[in-house]
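Enquirer: Based on what follows, work out the 3D shape:
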Amino acid sequence: MSQVKLEEQIGGAIIHLKGQFVGGEETDTLRTTLAEVAQKNKNKLIINLEKTTYLNSTALGVLISAHANFAKRNGQVVLCNVSKSIENIFVITKLTLVFPIFGTLEEAVKSISK
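Expert: Next up, the predicted model:
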């Protein structure tokens with residue numbers, strides 16, 4: 001069962017993802033949550049992938065469009081707690097050049113709070 005949990009703070013938001021995101025209802029929930037954060041004019045977003053087991057191309061597309069949305073408002077989207085298998089997806093797709101990736105949530109919060 002996939003879940004998207006939104007936590008608002010740091011002048012922005014943290015979204016905790018859990019489970020697999022394969023382009024179904026869970027990915028729609030993610031898209032809606034990202035849109036809500038953007039509408040609130042938050043310009044800092046951390047996506048915590050600690051409990052995420054899989055992202056497919058549709059889910060990656062949702063993250064990329066969120067990044068574009070934040071970037072055009074001088075915002076920032078960072079990722080943290082990315083598993084080796086998911087990190088490989090980001091490396092292969094060159095998305096490591098788009099998203100800063102941090103080992104822990106604390107590091108991500110520190111980087112985005114500056």
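Enquirer: which residues sit against the longest strand anywhere in the chain?
Expert: The longest strand of the chain (DSSP state E) is strand 44-55. Surrounding strand 44-55, the residues in contact under the criterion CB atoms under 8 Å, 6 or more residues apart in numbering are 10-22, 34, 37, 63, 66, 70, 75-83, 85-86, 89, 105, 108-109, 112-113. Quick note: C-beta positions are derived from backbone N, CA and C, even for glycine.
Enquirer: One more: stretch 21-40?
Expert: Residues beyond stretch 21-40 that count as contacts (CB under 8 Å, 6+ apart) turn out to be 2-4, 6, 8, 12-13, 15, 17, 19-20, 45, 52, 54-59, 62-63, 65-66, 69-70, 73.
Enquirer: Any idea what the residue nearest the centre of the chain is bridged to?
Expert: Closest to where the C-alpha atoms of the chain average out (CA atoms, centre = their mean) is I47, at 3.2 Å. With DSSP bridges as the criterion, I47 is bridged to I15, L79.
Enquirer: Right, I'll leave it there.
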